[in-house]
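1. need coordinates for the below:
(4 chains)
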Number of protein chains: 2
Amino acid sequence: MNNVYVKTDEELAEYQISRLQDLINEIVHCCEDKRLYESQRFELPYAELRCLMLFEGERYLTVKGIAQRLEVAKSRVTKLVNGLTEKGLVETIEDPRDARIKLISLTPAGKAKSGEIAAFHSEIHAKILANIATDERLNTLSYLEVLRSAMEAAKAEVM
Amino acid sequence: MNNVYVKTDEELAEYQISRLQDLINEIVHCCEDKRLYESQRFELPYAELRCLMLFEGERYLTVKGIAQRLEVAKSRVTKLVNGLTEKGLVETIEDPRDARIKLISLTPAGKAKSGEIAAFHSEIHAKILANIATDERLNTLSYLEVLRSAMEAAKAEVM
DNA sequence: ACCAAATCGTTAATGCTATGAATATTATTA
DNA sequence: TAATAATATTCATAGCATTAACGATTTGGT
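-> Predicted structure coming up:
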């Protein structure tokens, strides 16, 4: 046995794999905490909150459109819209040209809440950036992009 | 108005914020897809799968211990362990020194499944690394670490 | 003009994730 | 020994999400 221990490529890869695994887990875990916090702070089930945030720059949305954007079934959206309606954040009118379609839009209260949530999102991401040294910000974003691409490529391979 | 438009620091920050927001969202979304895939592939509700993976290197776990590691209520763990027991992946004995405590351990089938899942995790992270140029891997990991720290710091500030 | 097919949203049944309060059993400790 | 603490379970409740079946409406072809 040699005292000077040199890592083989294999071992190096093992190490990098588990480090990547840990880092991603921690980052995702952090996001889950944010999600919980957000939901409590704005007194909205998270799915309803996400639904509310779709009305950025769009006056009206339909059940179908929301379903596509949230990537859930239409029946789920019915429930979410009911919840938001009961809370007075959203209201529904009928499409004058097609009686099948419901046009859903924010109430003033909904706009206000949506604004608050958007501000919170900005705030939290601003805080994250502020916690990165100025000269490291661009690199962080670049390498995050590298990771995102690599993850999507890996997903395409495996799944 | 000037044709040569120079971004103010504020605008630069805005841009970086929304880019960070998007990147993190995409990465998290990717992880959610992985989670779904995993759950279907191994025919286990995701919570049970996570529970199974806690038995790495630990012979026995208790309900309480699992609850702490998964960060869920004990009553939730009772359900998960029931599910895993019905599937023959886990078995329970009584602690010989304390009749209140149940010692939960993997069955051979559970060990096998747990091994498969761990292998899948390694595989997917290896694939991600393989999709990053060799000379960018170390930097990616470093900057991921930077991001993770910044996120945790921001969390501590806001939440 | 009419009928079949497609579209849109809702309802009902089902299953997973998770919590909190109440409870039964067993250990500890004063 | 009696009170208290620890461990796990049960029950009620709530959120997240799907699929299948349905009713209402529109559209397209004949």
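2. how far away is A:Val72 from DNA strand D?
-> 3 Å (Cβ to the nearest atom of the strand, to the nearest Å). For glycine as for every other residue, the C-beta is placed from the backbone atoms N, C-alpha and C.
3. ok, now A:Glu26?
-> The spacing between A:Glu26 and DNA strand D, counted by Cβ to the nearest atom of the strand, is 22 Å.
4. for B:Glu152, see how far away that residue is.
-> Using Cβ to Cβ, to the nearest Å, A:Glu26 is found at 8 Å from B:Glu152.
5. poorly predicted segments of chain A, please.
-> Per-residue confidence for chain A (pLDDT under 70) gives these ranges: A:1-7, A:9.
6. same thing but at 90, please
-> Within chain A, the stretches with pLDDT under 90 are A:1-14, A:57, A:158-159.
7. in it, which spans are strands?
-> Secondary structure of chain A by DSSP state E: the strands cover A:90-94, A:102-106.
8. so which of those strands comes closest to B:Tyr60?
-> Nearest to B:Tyr60, of all the strands of chain A, is strand A:90-94, at 50.3 Å by Cβ to Cβ.
9. partner strands of the closest one and their direction?
-> Here strand A:90-94 is paired, per DSSP bridges, with strand A:102-106 (antiparallel).
10. is DNA strand C contacted by the strand it pairs with?
-> Yes. Remark: strand A:102-106 sits within contact range of DNA strand C at A:Lys102, by Cβ under 7 Å from any atom of the strand.
11. buried sites along that strand?
-> The neighbour-count criterion (16 or more other Cβ atoms under 10 Å in any protein chain shown) identifies A:Lys102, A:Leu103, A:Ile104, A:Leu106 as the buried residues of strand A:102-106.
12. ok, now stretch A:109-123?
-> Judged by neighbour count (16+ other Cβ under 10 Å), stretch A:109-123 contains these buried residues: A:Gly110, A:Lys113, A:Ser114, A:Ile117, A:Phe120, A:His121.
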